[in-house]
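Visitor: my questions concern the predicted model and sequence given below.
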Amino acid sequence: MFQQLLQRIEEQLLQEKPLVVYRKPSQKMVKGIFQSDSKIHYCIDFKETGFVFAPFNEKGEVILIPIDELVQSQFEPSEHSISLNNKSQIDYPSTDIDEKNFHIQLVAKAIDEIKKGRFKKVVLSRLMSATFQGAPLQLFLKLLNTYTEAFCYMWYHPKVGLWLGATPEVLVNIQNKQIQTMSLAGTQPYTGDPDPDWKKKEREEQSMVTNYITNALKSLVTNLYISETESLRAGSLMHLRTKITGRLKVLDIKKLVKLLHPTPAVGGLPKSEAYDFITANENYNREFYTGYLGELNFKEEIERASSNRNIENKAYRSIHTKTDLFVNLRCMQIVGHNATIYVGGGITTDSIPEQEWGETVNKSATMLKVIQNR
Ligand SMILES: C=C(O[C@@H]1C=C(C(=O)O)C=C[C@H]1O)C(=O)O
């Protein structure tokens, strides 16, 4: 069965038609969505059904792959999955000294602006290049094997390109009017401790994200619930996560997504000042990195056991509409045998530029491990 899905993906790529193949965190089901033509469809009012792929730029167009054909199959991660603990195994591509200096100076400039009061937090990123052997589909299989707790995907559109990723971050899950989101920020390498100590800088940086999201949601939801903050492992990294749930007063996905994206976990705070700083200073276009992607308005049939209401003792079914969107992190764009890997980190007044550089190097390991089959 899984073999059939792989064949269908290869066929679609050969025909240069749009597709997305993905697996949600902690699930075994891999879904492939195949578009029957090569057009670019856009998501306009978020009432459409399909797989969305949105850029970081809020004003940029959101691409939609309609569900012309859906093929799904269970995937069993193989026993030979890649080890996530051994940092020394990675061969980091040599960096140009200018590249490193540029990032360090960029972080220093942001810290200055924070001290001047222009904004409180900004997420700064960079790209790096690496070459790989084999086919992109091989890389996707390695992602599935390695990052079982992440949302793993391969997305392709002949007019846009090919992207792969394994993200730990949910933008929002919506089922009927019930929503779940998260504030994810703060990073340290995973050393084997599932609940490490966190410094004040990381705690503050993450709580800024939690506060932003809860304030943004206040007017839209009832029953707002904020969980305890916990450590979350994402491959060879640890983050701080707080889950936030609520019930929408009115189901308006467009409004909700507009409010959440980009969260201060990938943009900054205040939103527009941080955004302006990023676009004026980062020196490259993030495109779909730190955008979002996932299922929009998928119909899901839920079968429930018989109840008193069900006299004939049949299971009864109900149709739910579900939206599951993820933030596009730990991702790369593929052209031929070259991968462009995108990495960033949150800057606050307590940031140390050299360490922020190191954090982007650590984050690049997520994709490099897969590229290098380490
Ligand atoms: C921006 C990235 O990650 C985000 C930034 C984090 C941080 O600043 O600690 C942590 C998780 C993500 O919300 C990235 O992975 O490129």
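Guide: Noted; the coordinates are in hand.

Visitor: give me every residue in the stretch 251-374 of the chain lying close to the ligand.
Guide: Neighbours of the ligand within the stretch 251-374 of the chain, by CB under 6 Å from any ligand atom: 265-266, 329-330, 343-346, 363. All C-beta spots, glycine's among them, are computed from the backbone N, C-alpha and C.

Visitor: run a quick neighbour tally on residue 196.
Guide: Applying the criterion other CB atoms under 10 Å, we find 12 residues in the vicinity of residue 196.

Visitor: ok, back up a step: which members of the residues of the stretch 251-374 of the chain next to the ligand are the farthest-apart pair?
Guide: Across these, the two members that end up farthest from each other (CB to CB) are 330 and 346, 15.0 Å apart.

Visitor: that older thread, which among the residues of the stretch 251-374 of the chain next to the ligand gets closest to residue 129?
Guide: Using CB to CB, residue 343 is the member of these that lies nearest residue 129, at 12.1 Å.

Visitor: list the contacts for the closest one?
Guide: Neighbour list for residue 343: 125-128, 360-361, 363-364 [criterion: CB atoms under 8 Å, 6 or more residues apart in numbering].

Visitor: for the residues you listed, which one is nearest the ligand?
Guide: residue 363 (4.7 Å; CB to the nearest ligand atom).

Visitor: point me to the residue of the stretch 251-374 of the chain nearest the ligand.
Guide: Closest to the ligand within the stretch 251-374 of the chain is residue 346: 3.1 Å, counting by CB to the nearest ligand atom.

Visitor: the helix or strand hosting residue 184: which residues count as buried?
Guide: Here residue 184, judged by DSSP states H and E, is contained in strand 178-189. Judged by neighbour count using 16 or more other CB atoms under 10 Å, the buried positions of strand 178-189 are 179, 181-188.

Visitor: now do stretch 130-149
Guide: Those would be 130, 132, 136, 139-148, for stretch 130-149 by 16+ other CB under 10 Å.

Visitor: how about the secondary structure of the residue in the stretch 1-150 of the chain positioned nearest to the ligand?
Guide: For the stretch 1-150 of the chain, the residue closest to the ligand is residue 123, as judged by CB to the nearest ligand atom, at 5.2 Å. Here residue 123 is strand, with the state taken from DSSP: H, G, I helix; E, B strand; the rest coil.

Visitor: counting neighbours, what do you get for residue 155?
Guide: Summarising burial for residue 155: neighbours were counted as other CB under 10 Å, giving 26.

Visitor: now the residues of the stretch 251-374 of the chain next to the ligand in a markdown table, with pLDDT?
Guide: Rendered in a markdown table, the data for those read as follows (pLDDT from 0 to 100):
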| residue | pLDDT |
| --- | --- |
| 265 | 95 |
| 266 | 97 |
| 329 | 98 |
| 330 | 97 |
| 343 | 98 |
| 344 | 98 |
| 345 | 97 |
| 346 | 97 |
| 363 | 95 |
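
Visitor: tell me the one of those residues nearest residue 227?
Guide: When these are compared for distance to residue 227, the smallest value, 15.9 Å, is given by residue 265; criterion: CB to CB.

Visitor: wait, the closest one sits on residue 187?
Guide: No - if you go by CB atoms under 8 Å, residue 265 and residue 187 don't touch, sitting 10.8 Å apart.

Visitor: quickly list what's touching both of those two.
Guide: Any residue near both residue 265 and residue 187 by CB under 8 Å, 6+ apart counts here, and not one turns up.

Visitor: all helices of this protein, in order?
Guide: Counting by DSSP state H, the chain has helices at residues 2-14, 97-116, 136-146, 200-218, 253-260, 271-281, 353-371.
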